[in-house]
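S.K.: Pasting the sequence and the predicted model now:
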Amino acid sequence: MTESFNNSLIDQLGVLGYPLLICTCLILAIVFERFIFFVLTYPISKQVINTIVKQKQQSLSEDLKHSLESNPFGRVLLDLMDHSDMPFIEREQYCSARLLDVEHRLTRFLPVLKILATISPLLGLLGTVLGMIDSFKLISTINKPITPSLVSGGISQALLTTAVGLCLAILALVPLSLFQMRANKLMQQLIQQLNLMNLFIQRCSRN
């Protein structure tokens, strides 16, 4: 029943049914992947950072080490701990390089989601224009009086593509905005944590 409904909907959307279906699948896949990623990505507490610096990476408990390695933030902090013998300035440069890598991971697929949010309503509008053209072509071939029933089906099909395109745009734009806000907040927190850990390392090296 579901398959027949999907086929019927694609048929109603006309020539742009499959492009809109592809956009739908891509949007849902990206939103799901990014949601799982942000659920598993969270800031590391100040107490844990202090523990990493004091105990060194080699003496960390297996549970804590596994928890840190499964988190992009934790991996960056562990990598910084591996370079704790560097001078303070070099550690800051290393942190800047790692921040670029983390930023790339946080914003992964978001540009694609933005593109999909832009082209989906355009595809819907294009479908409407093509449907209206077909409706007017049909009208031009009819010699008898035009009744609403003759063109209502074509106009309904034409407007359906716009409705689907707008729904896809909303489906993409809302998560996109939320993911971008989350990514910006996480980047600010990571910068604070790296600076904090760098200061902890510097303080421990003086003692």
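M.R.: Ah, there it is.

S.K.: Give me the nearest residue to the most centrally placed residue in the chain, chain neighbours excluded.
M.R.: In the chain, the centroid-proximal residue (Cα atoms, centre = their mean) is residue 110; its distance is 4.1 Å. Once flanking residues are discounted, residue 110 sits nearest to residue 179: 5.9 Å by Cβ to Cβ, 6 or more residues apart in numbering. (Each C-beta comes from the backbone N, C-alpha and C, glycine too.)

S.K.: who does the helix or strand hosting that neighbour touch, helix- and strand-wise?
M.R.: Per DSSP states H and E: residue 179 is located in helix 148-206. Applying 3 or more Cβ pairs under 8 Å, 6 or more residues apart in numbering; DSSP states H and E, one finds that helix 148-206 makes contact with helix 2-13, helix 17-40, helix 46-55, helix 72-82, helix 88-106, helix 110-140.

S.K.: By mean pLDDT, show me the worst of these.
M.R.: Mean pLDDT values for the helices and strands packed on helix 148-206 show the minimum at helix 2-13, a mean of 58.

S.K.: Give me the buried positions along stretch 163-170.
M.R.: Neighbour-count burial for stretch 163-170, counted by 16 or more other Cβ atoms under 10 Å, picks out 164, 165, 168, 169.

S.K.: In CSV, list the C-alpha atoms belonging to it.
M.R.: Output in CSV follows, covering the C-alpha atoms of stretch 163-170 (Å, rounded to 0.1, in the frame of the first residue of the first chain):
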residue,chain,number,x,y,z
ALA,A,163,3.8,22.5,-2.1
VAL,A,164,6.2,19.6,-2.0
GLY,A,165,9.2,21.9,-2.7
LEU,A,166,8.2,24.3,0.0
CYS,A,167,7.8,21.5,2.5
LEU,A,168,11.3,20.2,1.6
ALA,A,169,12.7,23.7,2.1
ILE,A,170,11.2,23.9,5.6
